[in-house]
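[1] return atomic coordinates for the entry below.
(one chain, ligands or ions: 3)
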Amino acid sequence: MILKKVYGFIPQLPSSDCSLLPHNHYWIASKHIVTPNGTISGAVEIKQGGIISIVAEENWHVNPWFTTVVNYGEAVVMPGFIDVHAHLDDPGRTEWEGFPSGTKAAAAGGVTTLIDMPLNSAPSTVSEEALKLKVQAAEGRVYVDVGFWGGLVPENAENATSLERLLDAGVLGLKSFMVPSGINDFPMTTSAHIKEALPTLARYKRPLLVHAEVLLDHDGKLEPEDGVDNARSYSTYLKTRPASMEEAAINQLITLTKETRAGGSAEGAHLHIVHLSDARTSLNLIKEAKRRGDSITVETCPHYLAFAAEDIPDGDTRFKCAPPIRDAANKEKLWDALLGGDIDMLSSDHSPAEPEMKLLDEGNFLKAWGGISSLQFVLPATWTYGRKYGITFEQLASWWSEKPAKLAGLNTKGAIAIGNQADIVVWEPDLEFDLDNDYPVHVKHPSISAYMGSRLAGKVLATFVRGNLVYKEGNHASLACALPILHR
Ligand SMILES: NC(=O)N[C@H]1NC(=O)NC1=O
Ligand SMILES: [Zn+2]
Ligand SMILES: [Zn+2]
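    Ligands and ions are numbered 1, 2, ... in the order given. Sure, this is the predicted structure:
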């Protein structure tokens, strides 16, 4: 448990509503501090929101009378998680999620930075004007830092000036869909649109994230004929989105990524495949492209690593997402790929909706909203399901902090390192808890989270954003003082 000692002989600052720890110069001590150079026993010195020194225990000699120390004992001190794939739906669909609720859930889950997806809010973030609305909505309302992906849609793909304006306005990169997105003002792009946009992204050196599924039958139907199959069965839904849809999309994409190599027309651009579910042919295609030297990375999400299609109860639409959760053997292959480095990073794809849209009573997998609500549970979920594979704290930091920071171009985040912002999560790996109705939930719609009802290990004790203690054992700072992040 947490051994908290705060020596306070220096005059304390007046209590700040931004932080549950009213100091701007202090040390965090622990037996397990995860740094890029390995896990050490020692202390991290934080001043004015930044990390100014990291000292191993044997070299740490501070005068306790003049120093503020928060000692977390055996608990793990890690870089805060960076979730590069979350739908916060603000402005415009705040009844689904929102900046205050989503960033509180993030803080409770050890996430210190979110990159917000350009769709599910209204308007979608596809123009400079829409980005301005996003930033306005985020100001003074976020408990963790929030950056923004812009949307690549046919309209701006065909109009380099409007794409440049969106990039100039500060999105960290772009995101597009190769299938209908489910959101009317976010139409899908073809590989021809993507090809057209890549040279612009190359000039800006920013990534394109792609939802990689394509329609296979040319009449554009994703769903089987009504009544042909039982819509309450997950296997029916699975048949509507076979792995071949991911494979076909990725096949198209890796033709384009050839141009990201040195001397290519898109040298400097980077392609990132979001939420890979198919660990078979699709994954092999990505591996092959990486081997050739293409600039390409891939993420998967905890729900693909935690659940298997055959275990999803009939009618339990909390598990509906796209691409779908596949069979248990596929899940094992995803773990192999993650552990072997072929999958680069993890993200939540947190995509809640109003509970009615999940049609939990009817349990119709074909009609329910596709999206998993998970933001607050990504740390314990990754740890709980990963422990049996022997995952390490360093791997967690790589998948959830270092690689995501690199993708989003966040140079001063993603590692406990001198000069970085003090974005830190403190958590207890052996502490287990039941996600039942007594659990103090911070998600907006707990009834639709696929994790409710499970027992998880790995409890978040404290979350620091830029040195502010924004979450501590169920409590949040009273003011939302984290920041919108724009590309500079
Ligand atoms: N619009 C939206 O959030 N879609 C997401 N949901 C999901 O399950 N996959 C997605 O791409
Ligand atoms: Zn998607
Ligand atoms: Zn998504």
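
[2] and the most centrally placed residue in the chain, which of the three is it?
    In the chain, the C-alpha nearest the mean C-alpha coordinate belongs to Asp83, at 2.3 Å (Cα atoms, centre = their mean). Following DSSP: H, G, I helix; E, B strand; the rest coil, Asp83 is assigned to strand.

[3] my read is that it contacts Ala105, right?
    No: the pair Asp83 and Ala105 fails to qualify as a contact (Cβ atoms under 8 Å) at a distance of 10.5 Å. Heads up, the C-betas are built off the backbone N, CA and C, glycines and all.

[4] what sits in contact with each of those two?
    350, 375 (Cβ atoms under 8 Å, 6 or more residues apart in numbering).

[5] which residues in the stretch 51-200 of the chain form strands?
    With strands called from DSSP state E, counting those that start in this stretch, the stretch 51-200 of the chain shows them at 69-71, 76-79, 81-86, 111-116, 145-148, 150-151, 174-177.

[6] of the ones you listed, which is nearest Arg488?
    Evaluated with Cβ to Cβ, those place strand 145-148 nearest to Arg488, the distance being 11.2 Å.

[7] state the mean pLDDT of that closest one.
    Averaged across strand 145-148, pLDDT comes to 98.

[8] partners of that strand, with directions?
    Strand 145-148 has its sheet partners listed here by DSSP bridges as strand 111-116 (parallel), strand 484-485 (parallel).

[9] what stretches of the stretch 1-150 of the chain score poorly on pLDDT?
    Within the stretch 1-150 of the chain, the set of residues satisfying pLDDT under 70 comprises 1-15.

[10] make it 50
    1-12, 14 (pLDDT under 50).

[11] which bits of it sit near ligand 1?
    Applying Cβ under 6 Å from any ligand atom, one finds that the stretch 1-150 of the chain approaches ligand 1 through 87, 119-120.

[12] how does it look with 5 Å?
    For the stretch 1-150 of the chain, the residues in contact with ligand 1 (Cβ under 5 Å from any ligand atom) are His87.

[13] all helices of the stretch 1-150 of the chain, in order?
    All helices of the stretch 1-150 of the chain, identified by DSSP state H, counting those that start in this stretch, fall at 99-108, 128-138.

[14] can you say which of these is packed in most?
    Mean neighbours per residue, mean count of other Cβ atoms under 10 Å, is largest over those for helix 99-108, with a mean of 28.

[15] contact partners of that one?
    For helix 99-108, using Cβ under 8 Å, 6+ apart, the contacting residues are 83, 86, 88-90, 112, 114, 137-138, 141-144, 146, 350, 375-376, 442-444, 460, 463, 465, 470-471, 474, 476, 480, 482.

[16] got the angle for it vs strand 111-116?
    Going by axes from the mean of the first three to the mean of the last three Cα atoms, to 10 degrees, helix 99-108 is angled at 140 degrees with respect to strand 111-116.

[17] please shift the residue numbers so they start at 39 in all later answers.
    OK, 39 is where the count begins now, so the last one is helix 137-146.

[18] okay, now the domains of the protein?
    The chain breaks down by the TED database into domains covering 63-112, 118-447+468-495.

[19] could you say which of those is packed most deeply?
    Neighbour counts (mean count of other Cβ under 10 Å) averaged over each of those peak at domain 118-447+468-495, with a mean of 20.

[20] so how far is that domain off the chain centroid?
    8 Å (Cα atoms, centre = their mean, to the nearest Å).

[21] gap between the two ends of that domain?
    Distance between the two ends of domain 118-447+468-495: 18 Å, counting by Cα to Cα, to the nearest Å.

[22] can you check stretch 203-218 too?
    OK, stretch 203-218 end separation, Cα to Cα: 25 Å.

[23] so what's the residue nearest to the centre of the chain bridging to?
    Leu152.

[24] give me every residue that touches it.
    Taking Cβ under 8 Å, 6+ apart as the test, what Asp121 contacts is 144, 149, 151-153, 385-386, 388, 413, 416, 438, 442.

[25] can you do 7 Å?
    Applying Cβ atoms under 7 Å, 6 or more residues apart in numbering to Asp121 gives the contacts 144, 149, 152-153, 385-386, 416.

[26] among the helices of the stretch 39-188 of the chain, which is nearest Asp474?
    So among the helices of the stretch 39-188 of the chain, helix 137-146 is nearest, using Cβ to Cβ, at 16.2 Å.

[27] only alpha carbons, please: show that closest one as PDB.
    This file holds the C-alpha atoms of helix 137-146, laid out as PDB (Å, rounded to 0.1, in the frame of the first residue of the first chain):
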ATOM      1  CA  PHE A 137     -14.200  16.400 -22.400                       C
ATOM      2  CA  PRO A 138     -14.800  16.600 -18.600                       C
ATOM      3  CA  SER A 139     -16.200  13.100 -18.200                       C
ATOM      4  CA  GLY A 140     -13.800  11.500 -20.700                       C
ATOM      5  CA  THR A 141     -10.700  13.100 -19.200                       C
ATOM      6  CA  LYS A 142     -11.700  12.300 -15.700                       C
ATOM      7  CA  ALA A 143     -12.100   8.600 -16.700                       C
ATOM      8  CA  ALA A 144      -8.700   8.900 -18.400                       C
ATOM      9  CA  ALA A 145      -7.100  10.200 -15.200                       C
ATOM     10  CA  ALA A 146      -8.600   7.500 -13.100                       C
END
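
[28] taking strand 119-124 as reference, get the angle to that helix.
    140 degrees.

[29] between helix 166-176 and helix 137-146, find me the angle.
    Using the same axes, to 10 degrees: helix 137-146 against helix 166-176 is 70 degrees.

[30] ok, and the closest non-adjacent residue to Gly185?
    Residue nearest to Gly185 in three dimensions, not counting chain neighbours: Ile523, with 3.9 Å by Cβ to Cβ, 6 or more residues apart in numbering.

[31] okay, the one you found: pLDDT?
    98.

[32] re the thing from before, so which of the strands paired with strand 183-186 is nearest Gly401?
    Among the strands paired with strand 183-186, strand 149-154 sits nearest to Gly401 (Cβ to Cβ), with 30.2 Å.

[33] ok, which of the helices of the stretch 39-188 of the chain comes nearest Ala367?
    With Cβ to Cβ as the yardstick, what comes closest out of the helices of the stretch 39-188 of the chain is helix 137-146 (32.0 Å).

[34] the stretch 189-338 of the chain: helices as residue ranges?
    Going by DSSP H, counting those that start in this stretch, the stretch 189-338 of the chain shows helices at 192-195, 198-206, 229-242, 272-278, 281-294, 319-330.
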